[in-house]
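with the input below, show me the fold.
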Amino acid sequence: MDPVITLRLNAGDVGRIRFALSPIWEAVTSVRALSNNTARSVHGPWLQKVRPTIEGPDLTLLRALIPPVGYIPDFITPAPPRRSTSLESGLAAIAATPPDLVVRELQKLYDENPHPLVPPLIAFPQRALSEITAALASYFRRAIEPDWRRMRSLLQEDLAYRLDELASGGIERLFRNLHPSVRFHGDLIEIDRPFCCDGEPQAGQGVLLVPCVFTWPAALPITGAPHVPTITYPPRGLGRLWEDRQDTTDSPLADLVGRTRAAIVSHLDLPMSTTHLAHQLGVSAPTLSVHLSILRNAGLVDSRRDGRAVLYHRTALGTQLLTAATPMANTA
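Got it, this is the predicted structure:
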C-alpha cells in the first residue's frame, strides 16, 4: 500500500483553510517538470520553447535543490501571506528563513539525494539564501515570466471555481474533486504519496491550498512544522494553457463582429483584465473597453470582479461562435 500523509484538522484549522497562488511555487515545480515531462506531455509546448535557452548556472543550482523525485526543501516554497503575491515577496520570504532551518532542510535533502553543490550551501546558510534567491529570480525571468500572465489567469480562474465550491457545498464539496489523491472525511485530509514526509503539522495554522501549473499530475504537500500545512494541486483547464489560439483574421466571426472583437473573443479562453488584454492585442485600454462592452451586451463575453481587478472571460455562446468559425472558414 502506498504511504498516506494525514492532516488532522481542529475547529481552528477548518476556519483557516485558504487559497493562494505563488510565482515561487511555479518556478520550483517547473524545475521538476523539466526532468519529468516530455514533448508529448501536457507541458510539451513549454518544454520545447524553453529548453534551447534554459541551461545556466541558476538552473544547475536549482536542480541540485529540486531533484526529479523526493524531498524538496520546504523553505524554498514559502506560504504566500495573501491570495496573490509577487515574485519579489516570495524571494523576500525565502531570504528571511532562519539559518538553522536552512541547514536542517538542506541536510535532509543531501541525506536523500547527495549532490556536490549542497554541502557548501549547508556550510554557509546565509550565503546559500542569497545564491538560491538570485537563482530563482534569474530562472523565473527566463522560464516563467514570458507566460506568467496567461498562467496567472488560469490560476485565478481555478481559485474562483474552488471558492464557489466552498461557498456552495462547504469543505466536503471543495475536496471532493480537488485532486484524485486528496480525500477529506471527518476531521482528516488524506493525501496519497509514493513517499511520505517527516514531521507533524502544527495545529491551528489551517491549510493552504495552492493551484500550481507545474505540479501536474501530482498533488504536493508540505506538512512539517514550522511551515503552514500546504497542498498544491493542478488547476482546472490546464490542457488549455499551451494551446495555440485560433487565427480569426478571415473567419466568419470576424465578418460578423469585426476583426478586433473576434480577436478579443479568441483571447478570452482564460480570464483577463483590461490591462492584460490590451497588452496582448496592442490596443488602448479605452478602445478595448468599448469593444468589451459591445461584446458583453451581445452575450459573447462576461466579467467578474477579482479583488480590485475586473476579469473578462468568453461565454459559452462566444466559444460556440468561435469554434463554429473554423469549419465554415475552411469551406469558403
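
and the lengthiest helix in the chain, what other elements does it pack with?
Counting by DSSP state H, the longest helix found in the chain is helix 145-176. Applying 3 or more Cβ pairs under 8 Å, 6 or more residues apart in numbering; DSSP states H and E, we find helix 145-176 packed against strand 18-19, helix 23-36, strand 182-185, strand 208-211, helix 274-281, strand 301-306, strand 309-314. From N, CA and C alone the C-beta is placed, and that goes for glycine too.

check which residues of the fifth one are buried.
Residues of helix 274-281 classed as buried under the neighbour-count rule (16 or more other Cβ atoms under 10 Å) are Thr274, His276, Leu277, Ala278, Gln280, Leu281.

my read: the third one touches Ile264, true?
Yes - contact criterion Cβ atoms under 8 Å: Leu277 and Ile264 qualify, at 6.8 Å.

who touches both of these two?
Common neighbours of Leu277 and Ile264, using Cβ atoms under 8 Å, 6 or more residues apart in numbering, are Leu288.

neighbours of the spatially closest residue to Leu87 that is not a sequence neighbour, just the number please.
Leaving aside its sequence neighbours, Leu87 sits nearest to Pro23 (Cβ to Cβ, 6 or more residues apart in numbering; 4.4 Å). Pro23 has 24 neighbours, counted by other Cβ atoms under 10 Å.

would you confirm that Pro23 contacts Ser84?
No - look at Pro23 against Ser84 with Cβ under 8 Å: they stay out of range, at 9.5 Å.

who are the neighbours in contact with the most centrally placed residue in the chain?
What sits nearest the mean C-alpha location of the chain, by Cα atoms, centre = their mean, is Cys212, with 2.8 Å. When contacts are counted by Cβ under 8 Å, 6+ apart, Cys212 is found next to Leu21, Ser22, Trp25, Glu26, Thr29, Leu155, Leu220, Thr232, Tyr233, Pro234, Pro235.

re the thing from before, quick one: which of the helices and strands packed on helix 145-176 is nearest Ala123?
Ranking the helices and strands packed on helix 145-176 by proximity to Ala123 (Cβ to Cβ) places helix 23-36 first, at 22.8 Å.

which residues does the residue nearest to Leu87 contact?
Thr85, Ser86, Leu87, Gly90, Phe140, Ile144, Trp148.

helices of this structure, start to end?
Taking DSSP H as the criterion, the chain carries its helices at 11-14, 23-36, 44-54, 57-65, 87-95, 99-112, 118-123, 125-143, 145-176, 252-257, 259-267, 274-281, 285-297, 316-330.

would a markdown table of those with mean pLDDT be doable?
Supplementary listing: the helices of the chain in a markdown table, determined by pLDDT from 0 to 100:
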| stretch | mean pLDDT |
| --- | --- |
| helix 11-14 | 78 |
| helix 23-36 | 94 |
| helix 44-54 | 89 |
| helix 57-65 | 96 |
| helix 87-95 | 96 |
| helix 99-112 | 96 |
| helix 118-123 | 97 |
| helix 125-143 | 97 |
| helix 145-176 | 87 |
| helix 252-257 | 75 |
| helix 259-267 | 83 |
| helix 274-281 | 74 |
| helix 285-297 | 90 |
| helix 316-330 | 66 |
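
as a markdown table, the ones you listed with distance to Glu190 would be great.
Below are those laid out as a markdown table (distance: least, Cβ to Cβ, whole Å):
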| stretch | distance to Glu190 |
| --- | --- |
| helix 11-14 | 15 |
| helix 23-36 | 22 |
| helix 44-54 | 31 |
| helix 57-65 | 28 |
| helix 87-95 | 28 |
| helix 99-112 | 23 |
| helix 118-123 | 32 |
| helix 125-143 | 31 |
| helix 145-176 | 10 |
| helix 252-257 | 47 |
| helix 259-267 | 40 |
| helix 274-281 | 38 |
| helix 285-297 | 43 |
| helix 316-330 | 36 |
